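Undergrad: Structure for the following, please:
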Amino acid sequence: MLKITLPDGSVREVAPGTTPADIAAAIGPGLAKAAIAARVDGELRDIMRPLEADAQLALVTSKDEADALELARHDFAHVLAEAVQALFPGTQITFGPATDDGFYYDFAPPVIEGKQRPFTEEDLPAIEAKMREIIAADKPLRREVWKREDLIARWRAEGETFKAEWAAELPEGEELTVYWSGGDWLDMCRGPHLASTGKLDPAAFKLTRVSGAYWRGDQKNAMLSRVYGTGWLNRKQLDAHLTRLEEAAKRDHRKLGAEMDLFHLQQEAHGSVFWHPKGYIIWRALEAYMRRAIDDAGYREVKTPQVMDARQWEASGHWGKYRENMFVIPDEVPNVEDEGPLVSDDADWMALKPMNCPAHVLIFRQGIKSYRDLPLRFYENGCCHRNEPHGALHGLMRVRQFTQDDAHIFCREDQIVEEVRAFCALADRIYRDFGFTYSIKLALRPEKRFGSDEMWDQAENELRDAVAAAGLNTPEYGWEELPGEGAFYAPKLEWHLTDAIGRTWQVGTIQSDRVLPERLDASYIGEDGERHRPVMLHRAIFGSYERFIGILIEHYAGRFPLWLAPVQAVVATIVSDADGYAGQVVEKLRAAGIRAETDVRNEKINYKVREHSLAKVPNLLVVGRREADEGTVALRELGKEGQSVLSVDDIIARLVKEAKAPDMQ
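TA: Next up is the predicted model:
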């Protein structure tokens with residue numbers, strides 16, 4: 001008999017082969033109906049999978065929302081694949097994972113008359129209808145373990161070349177499992193799944209779009225059709241998500257960036273931003289704000305080279321771990337003499353920096369440092385380049401050239417907790433200045449890493465202690481530990497911001513690193529007169545200016561607080577007789593430091609109001625003959641009804657006060 005321990009500490013003795021569903025039924029009919037899966041010794045498993053040994057068992061219901069959503073989205077992906085193959089015979093299936101808000105599946109469409117037609121969004125309604133048929137059929141989802149050679153043979157016999165390739169490359173000794181949908185369709189999958197397709201709510205999913213995707217993410221491989229969907233536990237959750245998507249579309253930073261004339265991107269510079277004057281005003285305001293913050297916090301600003309010798313990146317470890325994301329440059333004059341190779345085989349290599357940390361170590365190494373000099377806080381608005389695939393680029397959110405608000409704190413062992421605590425306080429103040437709430441996570445050691453286990457134990461505990469000292473390791477701040485999510489050289493704290501419509505963005509980080517100072521031979525003279533290694537804290541708050549501005553555009557829906565607004569006021573005329581007065585008002589506004597423009601075009605005032613509202617100008621000052629005679633303006637504030645009449649001096653005093661950055665008020 002097997003001993004199964006339940007969460008309340010009670011132990012049930014059951015025969016081998018008993019399933020979690022059997023145990024749920026033995027406890028009561030209500031639980032039997034509600035249970036959808038189980039955690040066996042912490043591992044999420046099918047409710048119908050037999051128990052093989054003594055175990056800790058927790059039954060999962062829809063109230064365990066994270067697990068329930070993961071299961072439902074995984075099942076929706078499998079139902080999608082089954083539906084596509086039923087509608088389009090000859091389609092090859094590849095992979096279909098769950099995502100943060102849904103699922104997708106990659107397909108190789110069938111070849112018809114020698115041509116392969118990618119799926120399009122016109123195919124989605126028929127696929128959705130077929131998915132609902134499969135859900136309504138309530139087909140059992142049954143797990144089986146197969147021998148490798150049998151599974152490969154099955155895939156090859158059915159023309160599933162992608163699945164056969166993947167099965168052949170899985171590690172020897174790994175258990176290969178398939179899931180049957182009923183008795184007529186199967187897919188290779190680790191699971192787990194719900195007990196049957198009927199456990200899904202047919203009204204709780206929607207297919208959203210189709211895109212291209214390369215097999216295994218490599219552009220040298222075959223192009224596939226990726227079908228995306230969103231999946232939830234019920235229709236209410238789906239409707240709420242679709243409403244959020246609709247709101248997000250209105251706030252899309254690419255759309256608003258064009259309407260507000262902030263920036264653009266184009267193919268001539270993949271993944272690099274062309275900042276327009278109005279967009280760069282936002283950048284400069286953020287840069288000035290951050291400089292004031294880091295100056296007050298005792299940082300010293302530095303500037304380091306864009307290109308460094310490959311040997312430096314080899315020494316730091318980035319060349320071996322990160323080279324595929326680096327832009328490399330031959331250190332020689334290109335050949336212009338003949339038709340031979342542009343670069344010879346014996347050229348030395350350099351690389352555009354993908355990060356700033358090795359260069360900051362080189363600054364630290366200049367001259368002898370004493371324990372009395374520490375902590376040293378080096379800050380840089382550092383421009384970096386990373387070779388992201390074209391298909392992964394996304395507006396300001398994922399770029400190839402970006403500028404980090406990057407800093408590295410070199411400190412003694414006894415200073416780590418206080419330095420991290422102080423950074424937590426600084427980050428808290430800055431995020432609140434922008435109206436964000438946040439959660440904080442600790443990303444722990446990854447499987448592939450530098451350094452000893454003892455080093456990682458110490459670094460992880462120091463970050464835990466610092467968050468505790470800052471009072472942030474509480475449910476209020478969403479404190480959570482993330483196994484395997486750390487960098488290859490250090491664990492890290494992550495700040496996940498929540499924006500105005502409830503989306504989360506991972507932005508700020510701080511990492512406790514003992515590896516890089518060792519690899520690059522950084523040292524200081526201790527109180528004992530001996531050389532010691534400093535600990536290096538990598539930290540950022542904005543993350544990158546590009547991405548943070550993109551987040552701000554969407555968070556504010558383009559309606560920036562006055563201190564960030566590119567144009568803070570427009571003086572618009574009703575009649576041409578007021579043109580001269582409008583110019584005088586703008587001159588006074590600019591003299592007071594307000595970013596103001598005139599609109600004296602021969603257009604009706606309602607047209608001007610609509611146009612400047614679309615451009616998200618916070619204040620429209622309307623002037624006509626009466627205002628010119630009385631020395632007043634009629635103020636219309638963005639998003640508010642009506643107007644108020646103020647003297648020029650009063651409007652200037654008001655705007656000057658409102659236009660101060662949060663740290664200067």
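
Undergrad: CA atoms for contacts and neighbours, from now on please.
TA: Noted.

Undergrad: for the stretch 251-400 of the chain, what spans make up the strands?
TA: Along the stretch 251-400 of the chain, counting by DSSP state E, counting those that start in this stretch, strands occupy 263-264, 274-275, 300-301, 307-309, 328-330, 349-352, 376-385.

Undergrad: and the spatially closest residue to residue 335 that is not a sequence neighbour, what is it in contact with?
TA: When the adjacent residues along the chain are set aside, residue 335 lies closest to residue 342, with 4.8 Å between them (Cα to Cα, 6 or more residues apart in numbering). Counting by Cα atoms under 8 Å, 6 or more residues apart in numbering, residue 342 touches 334, 335, 336.

Undergrad: picking that back up, residue 286 is nearest to which of the strands of the stretch 251-400 of the chain?
TA: strand 376-385 (11.2 Å; Cα to Cα).

Undergrad: Work out the gap between the closest one and the centre of the chain.
TA: 21 Å (Cα atoms, centre = their mean, to the nearest Å).

Undergrad: Check which residues of it are buried.
TA: Of the residues in strand 376-385, 376, 377, 378, 379, 380, 381, 382, 383, 384, 385 count as buried by neighbour count, 16 or more other Cα atoms under 10 Å.

Undergrad: Looking at those, which is nearest residue 595?
TA: Among the buried residues of strand 376-385, and counting by Cα to Cα, the member closest to residue 595 is residue 381, at 24.8 Å.

Undergrad: Let me know how buried the closest residue to that closest one other than its chain neighbours is, in neighbour terms.
TA: Residue nearest to residue 381 in three dimensions, not counting chain neighbours: residue 405, with 4.9 Å by Cα to Cα, 6+ apart. Residues lying near residue 405 (other Cα atoms under 10 Å) number 21.

Undergrad: Over to residue 405. Which of the three states is it?
TA: Per DSSP: H, G, I helix; E, B strand; the rest coil, the secondary structure class of residue 405 is strand.

Undergrad: which residues does it contact?
TA: When contacts are counted by Cα under 8 Å, 6+ apart, residue 405 is found next to 290, 379, 380, 381, 382, 540, 541, 542, 543, 544, 545.

Undergrad: Tell me which two of those sit farthest apart.
TA: For the contacts of residue 405, the maximum inter-member distance is 14.3 Å, found between 379 and 545 (Cα to Cα).

Undergrad: Lowest average pLDDT across the strands of the stretch 251-400 of the chain?
TA: Out of the strands of the stretch 251-400 of the chain, strand 328-330 stands lowest, with a mean of 89 (criterion: mean pLDDT).

Undergrad: got the contact list for that strand?
TA: Counting by Cα under 8 Å, 6+ apart, strand 328-330 makes contact with 343, 347, 348, 349, 350, 351, 352, all of which sit outside it.

Undergrad: Starting from the helix or strand hosting residue 155, tell me the next helix or strand along the chain.
TA: Secondary structure from DSSP states H and E places residue 155 in helix 148-157. Sequence-wise, the next helix or strand beyond helix 148-157 is helix 161-169, with elements assigned using DSSP H and E.

Undergrad: quick one: average pLDDT of that following helix?
TA: In this model, helix 161-169 has a mean pLDDT of 93.

Undergrad: Go through it and flag the buried ones.
TA: Neighbour counts using 16+ other Cα under 10 Å place 161, 162, 163, 164, 167 of helix 161-169 among the buried residues.

Undergrad: do stretch 198-207 as well
TA: Of the residues in stretch 198-207, 198, 199, 200, 201, 202, 204, 205, 206, 207 count as buried by neighbour count, 16+ other Cα under 10 Å.

Undergrad: Please dump the residues you listed into a markdown table; it should also carry secondary structure, pLDDT and distance to residue 153 for every row.
TA: Conversion of the buried residues of stretch 198-207 to a markdown table gives the following (DSSP: H, G, I helix; E, B strand; the rest coil; pLDDT from 0 to 100; distance: Cα to Cα, whole Å):
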| residue | secondary structure | pLDDT | distance to residue 153 |
| --- | --- | --- | --- |
| 198 | helix | 96 | 31 |
| 199 | helix | 96 | 32 |
| 200 | coil | 97 | 32 |
| 201 | coil | 97 | 35 |
| 202 | coil | 97 | 34 |
| 204 | coil | 97 | 36 |
| 205 | strand | 98 | 34 |
| 206 | strand | 97 | 35 |
| 207 | strand | 97 | 32 |
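
Undergrad: Show me where the stretch 251-400 of the chain has its helices.
TA: Along the stretch 251-400 of the chain, the segments classed as helices by DSSP state H, counting those that start in this stretch run 253-259, 277-296, 310-316, 318-322, 357-364.

Undergrad: The stretch 1-150 of the chain too?
TA: Using DSSP H, counting those that start in this stretch, the helices assigned to the stretch 1-150 of the chain run over residues 20-27, 29-34, 65-87, 124-136, 148-157.

Undergrad: circling back to that earlier point, take the buried residues of strand 376-385 and write them to TSV, including distance to residue 439.
TA: Below are those laid out as TSV (distance: Cα to Cα, whole Å):
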residue	distance to residue 439
376	28
377	25
378	26
379	25
380	26
381	25
382	26
383	27
384	27
385	28
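
Undergrad: Many thanks, I have nothing further to ask.
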